Every structure is written in C-alpha cells, then in structure tokens.
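>>> here is a sequence with its predicted model. Questions after.
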Amino acid sequence: MISLDTITIDRVIEMAWEDRTTFEAIEYQFGLKEQEVIRLMRDQMKLKSFKLWRERVQGRKTKHEKLRSFEKGRFKCTRQRSISNNGISKR
C-alpha cells in the first residue's frame, strides 16, 4: 500500500464517505484501488464506524462509475445559489 500523510488519509476517508464520489475518482486522485480504500478505512476507523460505512457503500451505484444511471458531472440542485468570485450571489 502507498504511504500517505495524515492530511491525505483524512481526504480519502472524507471522499469515501461521500455518496457521489466514486472509487474511480479516489483512484485517479490518490492511486488507491477500491480494495486499498477498504483496507485504509478498516485500519483508520473504529470497527463500528467501518461496519456502518461498508453497509452504506456496498452495492451503492453512485460509488462505481460504470453503475451510475445519471449523466456524468456534478449534481446541482436548482435552488442552490451560484458561487462567483468567492462570494455567494443572491437571487
């Protein structure tokens, strides 16, 4: 397994918990395959937290690019405010 610093480990864990971040995106950014992410999560988390995470992501279509039914790209709610020049614009 690749040696990672604590900031990178924290970011990988955060991305692994996100529903719409695929394992392929994690592999592209950090070079960790799905099994390596699972191993990292097992090593870094409490047992109960790891079990909750595994139950949550196992079979989840949004965690695998090939299983996604929606178009590629970031989901954005129509009610979400647009962000421009580091400020949130008003409606």
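That came in fine, so what should we check first? Numbering: from 1, shown residues only.
>>> wait, residue 13 sits on residue 44?
Yes. Between residue 13 and residue 44 there is a contact under C-beta atoms under 8 Å: 6.2 Å. For glycine as for every other residue, the C-beta is placed from the backbone atoms N, C-alpha and C.
>>> so where do the helices sit in this protein?
Using DSSP state H, the helices of the chain run over residues 6-17, 23-30, 34-44, 47-57.
>>> next, the angle helix 34-44 makes with the last one.
Using axes from the mean of the first three to the mean of the last three C-alpha atoms, to 10 degrees, the inter-axis angle of helix 47-57 relative to helix 34-44 is 150 degrees.
>>> what helices or strands is helix 47-57 leaning on?
If you count contacts as 3 or more C-beta pairs under 8 Å, 6 or more residues apart in numbering; DSSP states H and E, helix 47-57 packs onto helix 6-17, helix 34-44.
>>> tabulate the helices of the chain (CSV), appending mean neighbour count and mean pLDDT.
Listed next are these as CSV, based on neighbours: other C-beta atoms under 10 Å; pLDDT from 0 to 100:
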stretch, mean neighbour count, mean pLDDT
helix 6-17, 14, 91
helix 23-30, 16, 89
helix 34-44, 16, 93
helix 47-57, 13, 92
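>>> export these as TSV, with columns for distance to residue 63.
Output for the helices of the chain, formatted as TSV (distance: least, C-beta to C-beta, whole Å):
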stretch	distance to residue 63
helix 6-17	9
helix 23-30	6
helix 34-44	8
helix 47-57	5
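>>> and the nearest residue to residue 60 once chain neighbours are set aside, what pLDDT?
Closest residue in space to residue 60, ignoring its immediate chain neighbours: residue 19 at 7.1 Å, by C-beta to C-beta, 6 or more residues apart in numbering. According to the prediction, residue 19 has pLDDT 81.
>>> can you add distance to residue 28 and give the helices and strands packed on helix 47-57 back as CSV?
Compiled in CSV, those are given as follows (distance: least, C-beta to C-beta, whole Å):
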stretch, distance to residue 28
helix 6-17, 11
helix 34-44, 12
